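Colleague: Curious how this folds, go ahead:
(one chain, ligands or ions: 2)
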Amino acid sequence: MTFTLAIVGRPNVGKSTLFNRLVGKRLALVDDQPGVTRDLREGEARLGDLRFTVVDTAGLEEATDESLPGRMRKLTERAVEMADVCLFMIDARAGVLGTDEVFADILRRKAKHVILAANKGEGRAADAGMLEAYALGLGEPIRMSAEHGEGLNDLLSFLMPLA
Ligand code: GDP
Ligand code: MG
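Modeller: Ligands and ions are numbered 1, 2, ... in the order given. Down below sits the predicted model:
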């Protein structure tokens, strides 16, 4: 039994950093499979003893807040449909922005399971953003640092029951 995890959230919160950490070099194995689009990167993730498919909404790098109603929304909805569970990532240093609320709404309506990750969580600069993350009403946020590999054990314990 395996599952698909989609990493969603606005640009620059650290989605691809987490994706790369979960997938490592194994992306090369799946990159040229049919059905893998340029905008949604798919890889084979390893975390602890878990193996699962992870999807990164990679096509959002160029998106702006203005394009949110269109391309970003469509891409996110597609990722959510593919996924058994969504990891919704915010930037704990920036706090919860209006754009994050749009993603939260999509996930509340469409996602089967949501895990909230407040990334860039290393250091005191993230403390206020953690409190805002709680207020999103999407459950207890994982304080994460994708760049430093922190919070991955917490992610693992959220994912274990789904495996
Ligand atoms: P994406 O647009 O959501 O895919 O975000 P990226 O993964 O491309 O990351 C955007 C920027 O945030 C990059 O400069 C990363 O190095 C940085 N970043 C990612 N994770 C962390 C983190 O945990 N802490 C800090 N301080 N920076 C991070
Ligand atoms: Mg990215």
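
Colleague: contacts, neighbours, all on C-alpha from now
Modeller: OK.

Colleague: could I get the biggest helix by length in the chain in PDB with only the CA atoms?
Modeller: For the chain, the longest helix by residue count, based on DSSP state H, is helix 98-110. Only the C-alpha atoms of helix 98-110 are listed here, as PDB (Å, rounded to 0.1, in the frame of the first residue of the first chain):
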ATOM      1  CA  GLY A  98      -4.100  36.500   1.800                       C
ATOM      2  CA  THR A  99      -2.700  34.200  -0.900                       C
ATOM      3  CA  ASP A 100      -2.300  31.400   1.700                       C
ATOM      4  CA  GLU A 101      -6.000  31.800   2.600                       C
ATOM      5  CA  VAL A 102      -6.900  31.100  -1.000                       C
ATOM      6  CA  PHE A 103      -5.000  27.900  -0.900                       C
ATOM      7  CA  ALA A 104      -6.500  27.000   2.500                       C
ATOM      8  CA  ASP A 105     -10.000  27.400   0.900                       C
ATOM      9  CA  ILE A 106      -9.200  25.100  -2.000                       C
ATOM     10  CA  LEU A 107      -7.900  22.500   0.400                       C
ATOM     11  CA  ARG A 108     -10.800  22.700   2.800                       C
ATOM     12  CA  ARG A 109     -13.200  22.100  -0.100                       C
ATOM     13  CA  LYS A 110     -11.200  19.500  -2.100                       C
END
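
Colleague: For it, name the packing helices and strands.
Modeller: Helices and strands touching helix 98-110, by 3 or more Cα pairs under 8 Å, 6 or more residues apart in numbering; DSSP states H and E, are helix 73-82, strand 85-91.

Colleague: Please tell me how far the first one is from the chain's geometric centre.
Modeller: Taking Cα atoms, centre = their mean, to the nearest Å, one finds the center of helix 73-82 at 12 Å from the center of the full chain.

Colleague: Pull out the buried positions in it.
Modeller: Across helix 73-82, burial judged by 16 or more other Cα atoms under 10 Å covers 73, 75-77, 79-80, 82.

Colleague: Contact residues of this structure facing ligand 1?
Modeller: Contact residues, the chain versus ligand 1 (Cα under 6 Å from any ligand atom): 11-17, 61, 119-120, 145-148.

Colleague: next helix or strand past the lowest-mean-pLDDT helix or strand in the chain?
Modeller: Within the chain, no helix or strand scores below helix 27-30, which has a mean of 46 by mean pLDDT, DSSP states H and E. For helix 27-30, the succeeding helix or strand toward the C-terminus, using DSSP states H and E, is strand 41-47.
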